[in-house]
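Engineer: All I have is the shape, not the residue letters:
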């Protein structure tokens, strides 16, 4: 990355006292939970769910299922822009980092960075650029270079000196499966990640994340009811320890149970052939209050904010930098 664009990292604990900062995308799962009258109950119950799920998966040498707890940090990557003597900064990426506490040995060690992934630029791409491009089209299509800038920002961040100084491993981003695709159970089973699924075709999210340099595999862990999508570089199965993988599963399955209960808190598990649906009715609700409709509306607002304060003012120089960005 050239001297006109540099990154800085900010970190804040995600705990029962968490309050979203002004720069946090309020569509983000964890920020949405921390609002309203039930904010502290939401946060406390979410953290308990994460710990319980972690201990259910890390069951060896853990007879009371209470050996471990998960601490979460919200990591914000800010892009610093220095042009013609002017300096500006924009929060381009926000992800969660897990830390694992072993209460038996009193050790605390790093989990995985990535987990929940949010980005103002992704809001712009999906909520502003994509609808605008297809407004008068008879057939759906993607704008030229769709996702290129976003992908290059992410790749440059992960390869930056500031990333390498703060984190030892590449991120793993864990998301919901697509309700537009069908997934098929394979014969592959991992001791922690569980049963592997494959899909019939790539989703738009898969293609978008491929421009970030990420591949995807789908696994349904033990006692889960639907597969999760894991986006990664390298080798998902050998680059991370079992406890690191469990930290991601427990964190993101909890968020998905809250945000997409029709899929991840369904009352029966996915079969050999599985198509997720948000119209599925046989599911249970958690005790956690989450405003999914507001989240969709805010994505549009934040996409427009990105267009006004990041894309339009710096479009030419960003496109030039992105076109010359080879990683």
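Structural biologist: Thanks, I have the structure now. Because the structure is a prediction, the values reported are computed rather than measured.
Engineer: Let me see the contact set for residue 90.
Structural biologist: The neighbours of residue 90, taking C-beta atoms under 8 Å, 6 or more residues apart in numbering as the test, are 78-79, 81, 120, 309-310. Backbone N, C-alpha and C define where each C-beta goes, glycine included.
Engineer: Including secondary structure and neighbour count, could those go into JSON lines?
Structural biologist: As requested, those are exported to JSON lines (DSSP: H, G, I helix; E, B strand; the rest coil; neighbours: other C-beta atoms under 10 Å):
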{"residue": "78", "secondary structure": "strand", "neighbour count": "18"}
{"residue": "79", "secondary structure": "strand", "neighbour count": "22"}
{"residue": "81", "secondary structure": "strand", "neighbour count": "19"}
{"residue": "120", "secondary structure": "helix", "neighbour count": "25"}
{"residue": "309", "secondary structure": "helix", "neighbour count": "13"}
{"residue": "310", "secondary structure": "helix", "neighbour count": "21"}
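Engineer: Pipe the residues you listed into CSV and attach pLDDT per row.
Structural biologist: As requested, the contacts of residue 90 are exported to CSV (pLDDT from 0 to 100):
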residue, pLDDT
78, 93
79, 93
81, 89
120, 89
309, 90
310, 93
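Engineer: Are we agreed that residue 254 is in a helix?
Structural biologist: Yes - secondary structure of residue 254, determined by DSSP: H, G, I helix; E, B strand; the rest coil: located in a helix.
Engineer: Which parts of the stretch 201-327 of the chain are helices?
Structural biologist: Along the stretch 201-327 of the chain, the stretches classed as helices by DSSP state H, counting those that start in this stretch are 204-210, 242-259, 261-264, 292-306, 312-323.
Engineer: and these as CSV, adding distance to residue 270, mean pLDDT and mean neighbour count?
Structural biologist: Below are the helices of the stretch 201-327 of the chain laid out as CSV (distance: least, C-beta to C-beta, whole Å; pLDDT from 0 to 100; neighbours: other C-beta atoms under 10 Å):
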stretch, distance to residue 270, mean pLDDT, mean neighbour count
helix 204-210, 18, 95, 18
helix 242-259, 13, 95, 24
helix 261-264, 9, 94, 20
helix 292-306, 21, 76, 16
helix 312-323, 38, 87, 14
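Engineer: Nearest to residue 192 among these would be which one?
Structural biologist: helix 242-259 (4.8 Å; C-beta to C-beta).
Engineer: With distance to residue 15 added, can I get the helices of the stretch 201-327 of the chain in JSON lines?
Structural biologist: Conversion of those to JSON lines gives the following (distance: least, C-beta to C-beta, whole Å):
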{"stretch": "helix 204-210", "distance to residue 15": "29"}
{"stretch": "helix 242-259", "distance to residue 15": "13"}
{"stretch": "helix 261-264", "distance to residue 15": "23"}
{"stretch": "helix 292-306", "distance to residue 15": "22"}
{"stretch": "helix 312-323", "distance to residue 15": "35"}
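Engineer: Which among those helices is found nearest to residue 95?
Structural biologist: For these, distance to residue 95 was read as C-beta to C-beta. The smallest value, 11.2 Å, belongs to helix 242-259.
Engineer: So which elements touch that closest one?
Structural biologist: For helix 242-259, the elements it packs on are helix 29-33, helix 39-57, strand 68-83, strand 86-102, strand 107-118, strand 172-176, strand 228-232, helix 261-264, judged by 3 or more C-beta pairs under 8 Å, 6 or more residues apart in numbering; DSSP states H and E.
Engineer: Using CSV, lay out the ones you listed together with distance to residue 149.
Structural biologist: As requested, these are exported to CSV (distance: least, C-beta to C-beta, whole Å):
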stretch, distance to residue 149
helix 29-33, 24
helix 39-57, 33
strand 68-83, 11
strand 86-102, 10
strand 107-118, 16
strand 172-176, 18
strand 228-232, 18
helix 261-264, 30
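Engineer: Lovely, talk soon.
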